[in-house]
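Trainee: build the 3D model from these lines:
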Amino acid sequence: MRKFRMLAAFLAVAAGLVSGCSGTPDNGTSASTAPSTASAGSPAGTAAPSPDTETSVPAPAPATSRPNEGPGQGNAELAITVVPSPGAPEVDYTLVCSAGTPAAESSHPNAAAACAALKANPGILAPAPAGTSRPCTQQYGGPQTATVTGMVDGVAVDSKFARTNGCEISAWDAARDVLGAAGGAS
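Mentor: As a prediction, this is how the structure comes out:
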């Protein structure tokens, strides 16, 4: 009988703990346990000041869209960095296009071809992300890497290119007019 009472007491305690952890919402029927906003040293009814609305409103999320596949407007402002090999100096270009035509501030070696390529297909700067289910051949195209940042047709671009497998080589080749011939990967 003694074992039965101990078991019953244990089950009652366990049931109480489980019901306390059930996560059922409080519908306002119990007393609030939230701390008061009035400080102990302030007169009753005086609440702490509310936060400044200027700092409490979250900033809008950045655009997450990718440049469209197919013809675009041909407007671009890009910074292009190509590293021919580890330890080699970076090659930096600036590409500015308006309606598919290069602007004077472009330092790209073939800005006309790069702007035309972006107008024809701005999606070349949005290769499929790594880790997708597409199969990639295991081949090595060279040590070159490139980074392209800026805006194309009003869409933010931050793309990285390499030549370490078949998928990356294909993405590099699709964007070769924009990446330039630096590093011997033309």
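
Trainee: got the contact list for residue 105?
Mentor: Residues counted as contacts of residue 105 (CB atoms under 8 Å, 6 or more residues apart in numbering) are 94, 96. Glycine gets a C-beta too; all of them are placed from N, C-alpha and C.

Trainee: quick check: it vs residue 95, distance?
Mentor: Noted for residue 105: a distance of 9 Å to residue 95, by CB to CB, to the nearest Å.

Trainee: cool, and residue 160?
Mentor: Computed as CB to CB, the residue 160 to residue 95 distance reads 17 Å.

Trainee: please identify which of those two sits among more neighbours.
Mentor: Between residue 160 and residue 95, counting by other CB atoms under 10 Å, residue 95 is the more crowded of the two (25 against 14).

Trainee: quick check, that one in contact with residue 102.
Mentor: Yes. Using CB atoms under 8 Å, residue 95 is in contact with residue 102, at 7.3 Å.

Trainee: give me the common contacts of these two.
Mentor: Counting by CB under 8 Å, 6+ apart, the residues touching both residue 95 and residue 102 are 108, 111, 114-115.

Trainee: by mean pLDDT, which helix or strand of the chain comes out lowest?
Mentor: The helix or strand of the chain with the lowest confidence, counting by mean pLDDT, DSSP states H and E, is helix 53-56 at a mean of 54.

Trainee: just after that one, pick out the following helix or strand.
Mentor: Downstream of helix 53-56, the next assigned helix or strand under DSSP states H and E is strand 76-83.

Trainee: now do that following strand, average pLDDT.
Mentor: Average pLDDT, strand 76-83: 96.

Trainee: just checking: what are the partner strands of the helix or strand just after that strand?
Mentor: Sequence order places strand 91-98 as the next helix or strand after strand 76-83, per DSSP H and E. Here strand 91-98 is paired, per DSSP bridges, with strand 76-83 (antiparallel), strand 101-102 (antiparallel).

Trainee: which of the residues in strand 91-98 are buried?
Mentor: Applying a neighbour-count criterion of 16 or more other CB atoms under 10 Å, one finds 91, 93, 95-97 buried in strand 91-98.

Trainee: so the nearest residue to residue 113 once chain neighbours are set aside is in which element?
Mentor: Sequence neighbours aside, residue 177 is the residue nearest to residue 113 in space, at 4.5 Å (criterion: CB to CB, 6 or more residues apart in numbering). Residue 177 is part of helix 176-179 when elements are defined by DSSP H and E.

Trainee: restrict that helix to CA atoms and write it as PDB.
Mentor: C-alpha atoms of helix 176-179 as PDB (Å, rounded to 0.1, in the frame of the first residue of the first chain):
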ATOM      1  CA  ARG A 176      32.600  36.800 -69.400                       C
ATOM      2  CA  ASP A 177      31.800  40.000 -71.200                       C
ATOM      3  CA  VAL A 178      31.000  41.600 -67.800                       C
ATOM      4  CA  LEU A 179      33.900  40.000 -66.000                       C
END
